[in-house]
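S.K.: how does the following fold in three dimensions:
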Amino acid sequence: MLRQFLCFNASPPSASSSILCFSSNRNRKPLVFLGSPQVSATVLDALLNASGAPDSLFEVAAIVTQPPSRKDRGKKVLPSPLAQHALDRGFPSDLIFTPARAGEDMFLSSLRALQPELCITAAYGNILPSKFLNIPTLGTVNIHPSLLPLYRGAAPVQRALQDGVKETGVSLAFTVRALDAGPVIASQRLEIDDQIKAPDLLALLFSEGSKLLIHQLPSIFDGSAKLKAQSQDDSKATLAPKISPEESWLSFDQEAVVLHNKVRAFAGWPGTRAKVVVVDNKNGHRNILELKIITTKVCSQSNIHVNQADDISFRKGALVFPCGGSTSLEVLEIQLPGKKVMNAAAFWNGLRGQQLKRFVDE
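M.R.: Numbering: from 1, shown residues only. As a prediction, the model looks like this:
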C-alpha cells in the first residue's frame, strides 16, 4: 500500500503509462487536485462528478496529497484522508502522488509529464515553490476559507471564530509565492451564528467553495478569470497564524465571550483546556482536575459576589464559571483525560456534593 502511494519515486511516466491511459478524452484539459484533510474530499467529489459529465471541459489527471502518516498512536501507517477517499472512489492509486515536499525533482518530473493546464488546491498543507507554480499553463487556483485579504495563513477559520466575527466566507484566488496574496477570482460571503464550531464551519465553507469553483471553472479555462481577477489590497490584509497546543488553555480572568469564541475556534484540534479544583467539604482535601472544555455558551446574566468569585456552580444543565468583567460562561459539555465527552449534569452528579472552584495559579 505504501509503495503505490510513492509513485513519484519511479521514472517519469511514458506515453503508454497508466497516467496517460487514464485520460479518456484527449480533448479534455488535464487538471491536478491537491488536498489532504477530509474537508478537501468535498472539493474532490465536486471535481470528479463534474468531470464525469459528457460535456466536461476537464478531467482529474492526478491527485497530490500529504504522505502516509502514523495513526492510532503510531501503530498504523495510513494514507491521508483525501487519499483514502480517492481510493474508495476507485481513483487509480498510481495517480495519487505523496511527495514530502512539493519541490522534489522526481515529483515535479512526474507532474510535468501530465502536462496539467490547471492545478486546484484545497487545504493541501505544503508550500508550493515557483518551479511547481510554473508547470500548469493556466496557473494554480486555491480555495481559501476566508474573505481575502482577511485571514491569510494556516488557520483562517479558527482565527475568525476566535475573533468573534459575524460574517466570513470563501475565496477563489490564483496562487502566487506570497502567502494567500494572489488575485481573487470570486468570493462567497456567509453569515455565521455564535454557536458554530470550527470543524462545522470549515466543512460548510469548503462545501460552498466547491460549488463556487465548479461555477467558475469555465472562465478559468477560457482565460477570462485571469483578466477579471481582482488584486488584493495588502493594506487590509490580516493574518491567521498556525495554532499551537500551548494556546489551548483557558484563562477565566478573560470575559466569557472571549473564552466562548476560543472554545468554538479550537474545537477538534487542539481543543481547549482548563484546570478546576475539587474540594471535599468533609476534610478540606483539594484535588486539581484538568478538563477539556467541549461546548459552551455565554451566560445572559451574571450575579457574581466577590466572596464567590472562584466558585463554580451548576444551573439549568450547565457548569457556570465566573469570568472577567463580571461575566459568566456556561459549560455544557466536558471531557476528562482518557474519558468520553459527558454533559455537565453527569459530571456534576459525579462530584457527589463536593465543591468545585476555579484553579488559580499562584
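
S.K.: CA atoms for contacts and neighbours, from now on please.
M.R.: Will do.

S.K.: tell me the contacts of the residue nearest to residue 331 when sequence neighbours are not counted?
M.R.: The shortest distance from residue 331 to any residue that is not its chain neighbour, by Cα to Cα, 6 or more residues apart in numbering, is 4.4 Å, and that residue is residue 296. Contact partners of residue 296, counting by Cα atoms under 8 Å, 6 or more residues apart in numbering, are 260, 263, 329, 330, 331, 332, 333.

S.K.: alpha carbons of the helix or strand encompassing residue 296, as CSV, please.
M.R.: Using DSSP states H and E, residue 296 sits within strand 286-298. Coordinates of each C-alpha in strand 286-298 appear next as CSV, following Å, rounded to 0.1, in the frame of the first residue of the first chain:
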residue,chain,number,x,y,z
ARG,A,286,-8.3,19.7,47.4
ASN,A,287,-7.8,17.8,44.1
ILE,A,288,-6.9,19.5,40.8
LEU,A,289,-8.6,18.2,37.7
GLU,A,290,-7.8,19.0,34.1
LEU,A,291,-10.9,19.3,31.9
LYS,A,292,-11.2,19.6,28.2
ILE,A,293,-14.0,22.2,27.5
ILE,A,294,-16.1,21.0,24.6
THR,A,295,-19.3,23.1,24.4
THR,A,296,-20.1,26.5,26.0
LYS,A,297,-22.4,29.5,25.7
VAL,A,298,-22.2,32.9,27.2
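
S.K.: after that strand, which helix or strand is next? Please name it.
M.R.: Toward the C-terminal end, the helix or strand that comes next after strand 286-298 (DSSP H and E) is strand 313-315.

S.K.: pull out the buried positions in that next one.
M.R.: Going by neighbour count (16 or more other Cα atoms under 10 Å), the buried part of strand 313-315 is residue 313.

S.K.: try stretch 172-185
M.R.: Using 16+ other Cα under 10 Å, the residues of stretch 172-185 that count as buried are 172, 173, 174, 175, 176, 180, 181, 182, 183, 184, 185.

S.K.: tell me the one of the residues you listed nearest residue 156?
M.R.: For residue 156, the nearest member of these is residue 180. The distance, counting by Cα to Cα, is 10.7 Å.

S.K.: residues touching the closest one, list them.
M.R.: Neighbouring residues of residue 180 by Cα under 8 Å, 6+ apart: 144, 148, 149, 152, 153, 173.

S.K.: could you give the number of residues near residue 150?
M.R.: Using other Cα atoms under 10 Å, the number of residues around residue 150 comes to 21.

S.K.: who touches it in this structure?
M.R.: The neighbours of residue 150, taking Cα under 8 Å, 6+ apart as the test, are 236, 237, 238, 239.

S.K.: please repeat the previous calculation with a cut-off of 6 Å.
M.R.: Residues in contact with residue 150 (Cα atoms under 6 Å, 6 or more residues apart in numbering) are 237, 238.

S.K.: any idea how far it lies from residue 198?
M.R.: Residue 150 sits 17 Å away from residue 198 when distances are taken as Cα to Cα, to the nearest Å.

S.K.: with residue 86 instead?
M.R.: Applying Cα to Cα to residue 86 and residue 198 gives a distance of 24 Å.

S.K.: can you check residue 44 too?
M.R.: In terms of Cα to Cα, residue 44 sits 21 Å off from residue 198.

S.K.: contacting residues for residue 79?
M.R.: Applying Cα under 6 Å, 6+ apart, one finds that residue 79 lies in contact with residue 68.

S.K.: let me know the pLDDT of it.
M.R.: In the prediction, the pLDDT value recorded for residue 79 is 96.

S.K.: do the same with residue 308
M.R.: The predicted structure scores residue 308 at 65 on the pLDDT scale.

S.K.: residue 76 now?
M.R.: Each residue has a pLDDT score; the one for residue 76 is 87.

S.K.: tally of neighbours for it?
M.R.: For residue 76, the neighbour count with other Cα under 10 Å is 11.

S.K.: and the residue nearest to it when sequence neighbours are not counted, how far from residue 80?
M.R.: Nearest-residue entry for residue 76: residue 70, 5.3 Å, with adjacent residues in sequence omitted and distances by Cα to Cα, 6+ apart. In this structure, residue 70 and residue 80 are separated by 10 Å, where distance is defined by Cα to Cα.

S.K.: looking at those two, which has the bigger crowd around it?
M.R.: In this view residue 70 and residue 80 are compared by other Cα under 10 Å, and residue 80 has more residues nearby, 20 against 12.

S.K.: hang on, the earlier thing: beta partners for the residue nearest to residue 76?
M.R.: For residue 70, the residues forming beta bridges with it (DSSP bridges) are residue 77.

S.K.: what does residue 172 give?
M.R.: In this entry, residue 172 is beta-bridged to residue 143, residue 186, by DSSP bridges.
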